[in-house]
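Chemist: Quick check, what structure comes out for this input:
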Amino acid sequence: MADLLNVNINDFMAKIIAKNPGESEFHQAVQEVAESLLPYIEEHPKYKHAKILERISEPERIIIFRVPWVDDNGEIHINRGYRIEMNSAIGPFKGGLRFHPTVNLGILKFLAFEQVFKNSLTTLPMGGGKGGSDFDPKGKSDNEVMRFCQSFMTELQRHVGPDTDVPAGDIGVGGREIGYMFGQYKRIRNEFTGVLTGKGLEWGGSVIRPEATGYGAVYFAEEMLKTRNEEIKGKTAVVSGSGNVSQYATEKLIVLGAKVVTLSDSSGYVFDPDGIDREKLDFVFELKNIRRGRIKEYAEHYGVKYFEGQTPWNIPCDVAFPCATQNEINESDAKTLCRNGCTAVSEGANMPSTPEAVEVFIGSKILYGPGKAANAGGVAVSGLEMAQNSMRLPWFREEVDQRLKQIMVNIHETCVKYGSDGSDFVNYVKGANIGGFIKVADAMLAQGIV
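Modeler: I've put the predicted structure just below:
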């Protein structure tokens, strides 16, 4: 049976790779899901007959467009814009926009594919999508970013809307960029509507939205630890990244009594053995969100060690929160984490662990929360923002935070339901993939061959 399953997976992936050449991140994401789902699909022939997995792996629509803009010196630049509308079986397409030089079709397809399962796990009525551009906002003036965002939205507005496709932010797209894009959409369409999430509180945004992904990753880690009668309080945590997700994961960890000892960016990481407290975190907020500086400045300011060009996974810890980018933890890193006493990994980023690293985590039977489950808090609160926009009513901070926490508890319960093997071990990868698949698959069956 195992040999037959391997043949099926190999055949399935051969077709995916042939149809999507050169898109290694997309291949990786699909294979990880296929390895969990194909045995389940074999046991449930209705999904196999309707070729649901094949259909989920093919985007409903891919939009690619040019984005010309003018810099402060009057020079014209041309970037490429994308929107991957992956699956709308359970609701309008929903997923972030990423502005970063590494953005390409394969990366966005992997993110959109993951988003389908993540959004399904929240139980909110949201399909999956992703988009962005190879534009780099770093080093650009506010006016340059504004001109780019206006040009980007001039084309994107044809394809999005509150009942069609509702983008949000991602790497390189924060409140500033969302504001510029929303303003351009409103100007062109002559309507004030919930077309984007991550908006400012004064104009339709939701409290807790900036915090949601980081908070949610910590809430998910809490639930995993509870299965072993443990808690976050007193744990030493290693966090990667220093952007939005990392900042708010650190904030929630501090509140819950953990000690965060690392933060990083693309240039290296800082190690603070005394822990990052509220005052130090406020320095990081100002450094990264206002001055847009490098994390090295934290080390210089507080007199701690900075490791240039390295990642923080060799630092001993109890829990790890990879919150930077895809494939930041490799097999060697995973082995080092396990060897140094790490017992839980909760992914704040999308697919931050390579397949080999995931094998190490699962083989070591540590608590491993994959991104599509552990970092679903961001899109969950985006869904709550959509609900508030539809009702024209804001909710209070405590209410949104409580709803977020309950969604993460529910996602954890789903993962346990479909990921338990009869022992004390929970395969959260399997649980998240099957749990996210069922709702979308059943909706696709109900809607016919579309």
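
Chemist: Just the mean pLDDT for the helix ranked longest in the chain, thanks.
Modeler: In the chain, with assignment by DSSP state H, the single longest helix is helix 397-419. The pLDDT scores in helix 397-419 average 97.

Chemist: Return that helix as CSV; C-alpha atoms alone will do.
Modeler: What follows is helix 397-419 as a C-alpha-only set of coordinates in CSV (Å, rounded to 0.1, in the frame of the first residue of the first chain):
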residue,chain,number,x,y,z
ARG,A,397,-10.5,45.3,21.2
GLU,A,398,-11.4,42.8,23.8
GLU,A,399,-14.1,41.3,21.6
VAL,A,400,-11.9,41.0,18.6
ASP,A,401,-9.0,39.5,20.6
GLN,A,402,-11.4,37.0,22.2
ARG,A,403,-12.8,36.0,18.8
LEU,A,404,-9.2,35.6,17.5
LYS,A,405,-8.2,33.4,20.4
GLN,A,406,-11.3,31.2,20.0
ILE,A,407,-10.6,30.8,16.2
MET,A,408,-7.1,29.6,17.0
VAL,A,409,-8.5,27.2,19.6
ASN,A,410,-10.9,25.9,17.0
ILE,A,411,-8.1,25.5,14.4
HIS,A,412,-6.1,23.6,17.0
GLU,A,413,-9.0,21.3,17.7
THR,A,414,-9.5,20.6,14.0
CYS,A,415,-5.8,19.7,13.7
VAL,A,416,-6.0,17.3,16.6
LYS,A,417,-9.1,15.7,15.2
TYR,A,418,-7.6,14.9,11.9
GLY,A,419,-3.9,14.6,12.9
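
Chemist: Please identify the buried residues of it?
Modeler: Buried residues in helix 397-419, counted by 16 or more other C-beta atoms under 10 Å: 400-401, 403-405, 407-408, 411-412, 414-416, 418-419. Glycine gets a C-beta too; all of them are placed from N, C-alpha and C.

Chemist: Please apply the same query to stretch 352-371.
Modeler: 352-354, 357-358, 360-362, 366-371.

Chemist: what's the most distant pair in those?
Modeler: The largest distance within the buried residues of stretch 352-371, taken as C-beta to C-beta, falls between Thr354 and Leu367 and amounts to 18.5 Å.

Chemist: okay, and for the chain, where does confidence drop off?
Modeler: Along the chain, segments meeting pLDDT under 70 span 1-7.

Chemist: what's the domain layout of it?
Modeler: Listed domain ranges for the chain are 2-56, 61-194, 212-374 (source: automatic domain parsing).

Chemist: Any idea how far the biggest strand by length in the chain is from the middle of the chain?
Modeler: Longest strand in the chain by number of residues, with DSSP state E as the criterion: strand 76-87. Centre-to-centre, strand 76-87 and its host chain are 19 Å apart (C-alpha atoms, centre = their mean, to the nearest Å).

Chemist: same for the very next helix or strand once past it, what does it pack against?
Modeler: Using DSSP states H and E, the helix or strand that follows strand 76-87 in sequence is strand 93-99. Judged by 3 or more C-beta pairs under 8 Å, 6 or more residues apart in numbering; DSSP states H and E, the packing partners of strand 93-99 are strand 76-87, helix 105-121, strand 128-133, strand 165-169, helix 175-189, helix 377-391.

Chemist: how about a cut-off of 7 Å?
Modeler: On a contact count with 3 or more C-beta pairs under 7 Å, 6 or more residues apart in numbering; DSSP states H and E, strand 93-99 meets helix 105-121, strand 128-133, strand 165-169.

Chemist: so the longest one versus helix 397-419, what angle?
Modeler: Comparing the axes of helix 105-121 and helix 397-419 via axes from the mean of the first three to the mean of the last three C-alpha atoms, to 10 degrees yields an angle of 100 degrees.

Chemist: orientation of helix 105-121 relative to strand 128-133 in degrees?
Modeler: 150 degrees.

Chemist: Helix 105-121 packs against which elements?
Modeler: Short answer (3+ C-beta pairs under 7 Å, 6+ apart): helix 105-121 packs on helix 24-43, strand 76-87, strand 93-99, strand 128-133, helix 371-374, helix 428-447.

Chemist: what's the angle from it to strand 76-87?
Modeler: Using the same axes, to 10 degrees: helix 105-121 against strand 76-87 is 40 degrees.

Chemist: The last one too?
Modeler: With the same axes, to 10 degrees as the basis, strand 165-169 and strand 76-87 are set at 120 degrees to each other.

Chemist: Please apply the same query to the second one.
Modeler: Comparing the axes of strand 128-133 and strand 76-87 via the same axes, to 10 degrees yields an angle of 170 degrees.

Chemist: How far away from the center of its chain is the next helix or strand after strand 128-133?
Modeler: Going down the chain from strand 128-133, the next helix or strand is helix 142-156, by DSSP H and E. Chain-centre distance of helix 142-156: 24 Å, with C-alpha atoms, centre = their mean.

Chemist: Fine, thanks again, bye for now.
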